[in-house]
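# The following comprises the amino acid sequence and a computationally predicted model.
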Amino acid sequence: SIGFYEFLTSKDFCDLDITPAVRAIALASEARANEIQDDPMCVRLFGCEASGLPRVKPRVVVVRSGGQCGKTSRLGAPKAVHSAVTVPLPNVRPGQWARSLLGAPTEDLAFAGIDYCRGIIFNSPALRSMLTDELPEDADEEDVGQRGRIGLKRPDGKLVEIRVKAANSGGMGARSRSLVNALFDEFCFFRGSDSKVNDAEFYRAAVQRVVPDGQVWLPSTPWIEGIGKLEELVAKYHGNHRGALVALATTRLMFPGWDPDRIIESQMREEDPDNAAREIDNVPLTASESAFYSPAVIVAAEQRIIEPSAKMLMRGAGGDFAFVRNSSTLAIAESYDDGTFAVTDVDEYKPRQGKALRPSIVCAKHARRLFNVETFAVMCDGHYRESVREHFGKRRAFCPVCRMLVEAPRQGEWRCEIARDDVDDLGEGCGHVWTPNDARTIGLIAGPESTHASDPFKRLRHAMNEGRVKLPAIARLAQQLKAVQGKPKDGPGQD
């Protein structure tokens with residue numbers, strides 16, 4: 001049986017030119033600490049000398065590092081293939097299949113991982129000779145020619161499939177078959193189909209089902225300090241490695257050749273220092289103890305992507321209409337069948353110094369946003385409802401020629417034009433005359449009753465903490481959310 005380090009570097013298999021950090025991790029993952037006894041990488045990666053590394057092959061390997069450093073292409077994917085062809089399977093009977101599981105937060109990432117595996121196998125005659133079209137007895141038509149599956153028949157006759165599993169696709173791919181290896185790529189970002197964190201569920205299922213001499217690999221860029229299973233393992237085992245081998249590395253430590261001119265790095269650090277620290281320096285985002293909405297969670301909500309397969313269930317709008325001193329703001333949001341929500345539009349107008357907003361103009365602009373998405377009701381509290389009822393209650397329709405949103409005339413025919421005093425704010429119109437049959441008004445509805453003023457804030461925080469909210473990347477919105485402070489009350493769980 002060939003060792004993992006030799007598998008990576010042998011011309012018969014991966015034929016990779018690996019970096020010192022990758023070499024150290026590969027050797028340490030097989031309890032070969034004696035081969036890196038004097039390697040300066042030990043302390044930098046593992047937080048200890050070589051003498052503190054596992055003397056028995058660890059069942060769990062954690063690699064938390066910066067992005068773009070090859071942790072999938074040069075460690076994770078090769079390990080998935082190496083385990084598939086080398087891990088002993090004395091208890092797998094003829095005709096039974098074992099599995100090398102390749103998991104990721106999304107199908108795209110999972111497919112990228114198995115594509116690396118496919119490239120490794122294709123470029124190695126020894127591995128390519130193991131490819132088989134045989135299928136498990138319980139296979140269905142989706143298994144035939146499936147991109148997410150590679151079947152191998154080893155020289156010892158054992159059948160092993162490399163199979164992808166996306167954390168957000170539902171079900172538990174870790175619960176079936178004996179596992180020779182479980183690779184959970186970008187493990188910090190695992191979310192289920194309901195958008196809730198499910199990393200611990202995958203971890204527990206995999207650890208139980210990995211056969212002796214098999215391993216669970218957890219490579220990931222960092223996310224939020226102290227949150228999630230990977231962070232728990234880092235805090236518990238980095239430096240002592242009693243329950244898992246834990247390696248921490250910056251992007252450059254893992255891959256010194258990344259961005260040699262530092263052009264990308266300079267731009268990242270200038271535009272978003274916190275994200276650069278996470279993606280390059282392997283520094284997780286920190287959660288503020290006093291902020292009601294964690295800054296890290298706000299960033300996560302801005303970066304979240306609603307799955308293309310999610311179906312919209314409802315669209316709604318809410319408004320905060322203060323025309324004298326404060327801004328007048330309209331927000332439009334959507335809910336989806338996977339339990340997620342997205343704020344899709346924010347329309348805000350601020351009064352100029354010494355000059356209040358004109359309700360008729362602001363409401364006309366808000367109405368244009370609402371009509372564009374066919375939403376004809378706005379939720380707002382009673383303090384503002386009466387001030388906007390008249391303006392939102394006007395019948396409006398799109399001009400069929402120029403798509404200007406036009407208010408109904410007091411009498412006579414409809415004409416696409418705007419009052420002279422309002423032209424600068426709303427546009428001039430094309431002058432078209434017509435009689436619409438689709439004129440609508442915008443209704444006003446009261447918000448849900450709450451026992452406490454903080455209830456809406458708590459509901460939003462709960463959904464954001466569960467990873468179910470997508471926010472637009474608007475600096476002012478993020479600043480306002482970060483400014484909300486939680487004031488604890490007496491008693492557990494009160495705020």
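Thanks, I have the structure now. Since this is a predicted model, take the numbers as computed values, not measurements.

# Please enumerate the strands of the stretch 51-200 of the chain.
60-65, 97-104, 149-153, 159-166, 178-184 (DSSP state E, counting those that start in this stretch).

# Please render the ones you listed as JSON lines that adds mean neighbour count, mean pLDDT and distance to Ala84 to the earlier fields.
To be clear about C-beta, it is placed using only N, CA and C from the backbone, and glycine gets the same treatment. Putting these into JSON lines (neighbours: other Cβ atoms under 10 Å; pLDDT from 0 to 100; distance: least, Cβ to Cβ, whole Å) gives the following:
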{"stretch": "strand 60-65", "mean neighbour count": "25", "mean pLDDT": "98", "distance to Ala84": "16"}
{"stretch": "strand 97-104", "mean neighbour count": "26", "mean pLDDT": "94", "distance to Ala84": "4"}
{"stretch": "strand 149-153", "mean neighbour count": "20", "mean pLDDT": "95", "distance to Ala84": "6"}
{"stretch": "strand 159-166", "mean neighbour count": "24", "mean pLDDT": "91", "distance to Ala84": "4"}
{"stretch": "strand 178-184", "mean neighbour count": "27", "mean pLDDT": "96", "distance to Ala84": "6"}
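
# Looking at these, spot the one closest to Ser387.
strand 159-166 (48.6 Å; Cβ to Cβ).

# To Glu390, which of the strands of the stretch 51-200 of the chain lies closest?
Of these, nearest to Glu390 by Cβ to Cβ is strand 159-166, at 51.1 Å.

# Extract the C-alpha set from the closest one and format it as PDB.
Taking Å, rounded to 0.1, in the frame of the first residue of the first chain, the C-alpha atoms of strand 159-166 are listed here in PDB:
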ATOM      1  CA  LEU A 159     -15.600  -2.000  -5.400                       C
ATOM      2  CA  VAL A 160     -15.500   1.600  -4.300                       C
ATOM      3  CA  GLU A 161     -17.300   4.600  -5.600                       C
ATOM      4  CA  ILE A 162     -16.300   8.200  -5.100                       C
ATOM      5  CA  ARG A 163     -19.600  10.000  -4.600                       C
ATOM      6  CA  VAL A 164     -20.500  13.700  -4.100                       C
ATOM      7  CA  LYS A 165     -23.000  15.000  -1.600                       C
ATOM      8  CA  ALA A 166     -24.000  18.600  -1.200                       C
END
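
# Can you name the residues in contact with it?
80-81, 84-85, 89, 92, 95-107, 109-111, 113-114, 117, 132, 134, 136, 148-154, 171, 173-174, 180 (Cβ atoms under 8 Å, 6 or more residues apart in numbering).

# what do you get if the cut-off is 6 Å, keeping everything else the same?
For strand 159-166, contacts defined as Cβ atoms under 6 Å, 6 or more residues apart in numbering pick out 80, 84, 97-100, 102-103, 106-107, 110, 114, 117, 148-153, 173.

# same deal with stretch 338-345?
For stretch 338-345, contacts defined as Cβ under 6 Å, 6+ apart pick out 193-195, 306, 310, 331-335, 369, 468-472.

# out of the residues you listed, which are inside strands?
Counted as lying in strands by DSSP state E, out of the contacts of stretch 338-345, are 331-335, 469-470.

# longest single helix anywhere in this structure?
Counting by DSSP state H, the longest helix found in the chain is helix 107-122.

# what sits against Leu444?
378, 385, 389.

# in the stretch 351-495 of the chain, which segments are predicted with low confidence?
Along the stretch 351-495 of the chain, the parts satisfying pLDDT under 70 run over 354, 383-384, 419-425, 450-451, 486-495.

# tell me the strands in it, going along the chain?
Along the stretch 351-495 of the chain, the stretches classed as strands by DSSP E, counting those that start in this stretch are 377-379, 396-398, 405-407, 414-415, 433-434, 443-445, 469-470.

# Find the one among these with the highest mean neighbour count.
The highest mean neighbour count among the strands of the stretch 351-495 of the chain, using mean count of other Cβ atoms under 10 Å, belongs to strand 469-470: a mean of 22.

# Each with direction, which strands does that strand pair with?
Strand 469-470 has these partner strands in its sheet, going by DSSP bridges: strand 341-349 (parallel).

# Output the partner strand as CSV, nothing but the C-alphas.
Presented in CSV, the C-alpha positions along strand 341-349 are these (Å, rounded to 0.1, in the frame of the first residue of the first chain):
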residue,chain,number,x,y,z
PHE,A,341,-35.7,35.3,2.8
ALA,A,342,-34.2,38.0,0.7
VAL,A,343,-34.4,41.8,0.8
THR,A,344,-34.5,42.5,-2.9
ASP,A,345,-34.8,46.3,-3.0
VAL,A,346,-34.3,49.2,-0.7
ASP,A,347,-35.5,52.7,-1.8
GLU,A,348,-34.4,55.4,0.5
TYR,A,349,-34.7,59.2,0.3
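
# And that strand, what's buried?
341-343, 345-347, 349 (16 or more other Cβ atoms under 10 Å).

# and Lys355, bridged to which residues?
Counting by DSSP bridges, Lys355 is bridged to Arg352.

# Fine by me, we can end here.
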